[in-house]
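# Got a sequence here, can you model it:
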Amino acid sequence: MDLDAYVNAKRPSWDRLETLTRQRRLTAAESDELIDTYQRVATQLSVIRSSAPDPELVGYLSALLAKARNRAAGTRVGTWSALGRYFGRTFPAALYAMRWWWLTTLVVSMVVTVALGWHFLEHPRVESAFGSAAEIEQLVNHDFADYYSEHAASAFAFRVWSNNFWLAAMCIAFGVFGFPVIIVLWQNCMNLAITGSIMIRHGRADVFFGLITPHGLLEMTCLFVAAGVGLRVFWSWVAPGDKPRLQSLAEQGRAAIGIALGLVVLLGITGIIEAFVTPSSLPTWARIAVGVAVWVGFFVYVFVIGRWAHHEGERGDIDEADRDFYAPSTV
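Numbering: from 1, shown residues only. Below is the predicted model of the structure:
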């Protein structure tokens, strides 16, 4: 297909759709025209994707269609509809499409953490490198448990959320370089292994697992998702396949941003659990049960809802303006 000729032929429709989208008031006839033009442009975008995918043109038309859809539905309705579509289809489908990246990151990180923890338990002298005997005793008997209750719950929830999202954002934002993601994962594994080994050696395994499990299951999973997505972005330009490197990187970058927005909510949930459930007076089994239930719910969300939405995307049963968020992740 001659892309330049096609663009010249269809440009009037795109300009007209943009004009209608920007108008503050539309007559009944203009509203009908907006919907008809939207449908034509969506079809044209599909043709461009399949015949001559130009990243800039695809991005322009996708953004134009998104604005037109919101304009047709009304700002408030469009916003809530888009939000529902994102959490009901786009976000879980993106997580499912990226599943092998973050599941591999999760498994490898857990294996490394357990191996490090076992090494530290087998070599007690390593403990002295992380603090004096008095500092270790303070951590075991006071600091570890007090950390979860020394601040007001609401302020602590925000502090936890902001810290965790910062780590996740670093994994995604610097994922293009690859190495920073490995550093974040390694530091996380080291911190978890050394703290766990110290608590276990001093007979406080029940306190360690009782406090870290309720929020830690989902919290760590979110970090592994962010790291896996970041590594996928890195791999998109290292091994782009049959696509130009910039196109492959741009597609994975858009998918990564889409997942990052969803992680804001998931990490908010972990912050609430860490602030209100972890230090609560509930029995240990009940606190752990809350964490396990939320964690299992996440996997159901990904592998039931996400799998269904992902297969809908493969069949083409999605809005063209939404395709960039998760179709590229199927590579």
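# how about the helices in the stretch 151-300 of the chain?
153-173, 179-201, 205-238, 245-272, 284-300 (DSSP state H, counting those that start in this stretch).
# Just say which of those helices is most tucked in.
When the helices of the stretch 151-300 of the chain are scored by mean count of other Cβ atoms under 10 Å, the highest mean neighbour count falls to helix 205-238 (a mean of 22). C-beta: built from backbone N, CA, C; applies to glycine.
# Centre of the chain to that one, how far?
Centre-to-centre, helix 205-238 and its host chain are 11 Å apart (Cα atoms, centre = their mean, to the nearest Å).
# Check stretch 125-135 too.
So, by Cα atoms, centre = their mean, the centroid of stretch 125-135 is 37 Å from its chain's centroid.
# Can you show me the CA trace of that stretch as CSV?
Extracted as CSV, the C-alpha positions of stretch 125-135 are listed here (Å, rounded to 0.1, in the frame of the first residue of the first chain):
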residue,chain,number,x,y,z
ARG,A,125,29.3,-14.6,61.3
VAL,A,126,27.9,-12.8,58.3
GLU,A,127,25.4,-11.3,60.6
SER,A,128,28.0,-9.1,62.3
ALA,A,129,28.7,-7.4,59.0
PHE,A,130,25.2,-5.8,59.1
GLY,A,131,25.3,-4.5,62.7
SER,A,132,26.7,-4.8,66.2
ALA,A,133,25.2,-7.3,68.7
ALA,A,134,23.2,-4.5,70.3
GLU,A,135,21.8,-3.3,67.0
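# start the count at 40, not 1, going forward
In the new count, where the first residue is 40, that last one comes out as stretch 164-174.
# Pull the residues that contact that stretch.
158, 159, 175, 178, 233, 236, 237, 240 (Cβ atoms under 8 Å, 6 or more residues apart in numbering).
# Quick check: mean pLDDT of that stretch?
Averaged over stretch 164-174, pLDDT sits at 81.
# Repeat that for stretch 297-305.
Rounded mean pLDDT across stretch 297-305 is 89.
# Cheers, nothing more for now.
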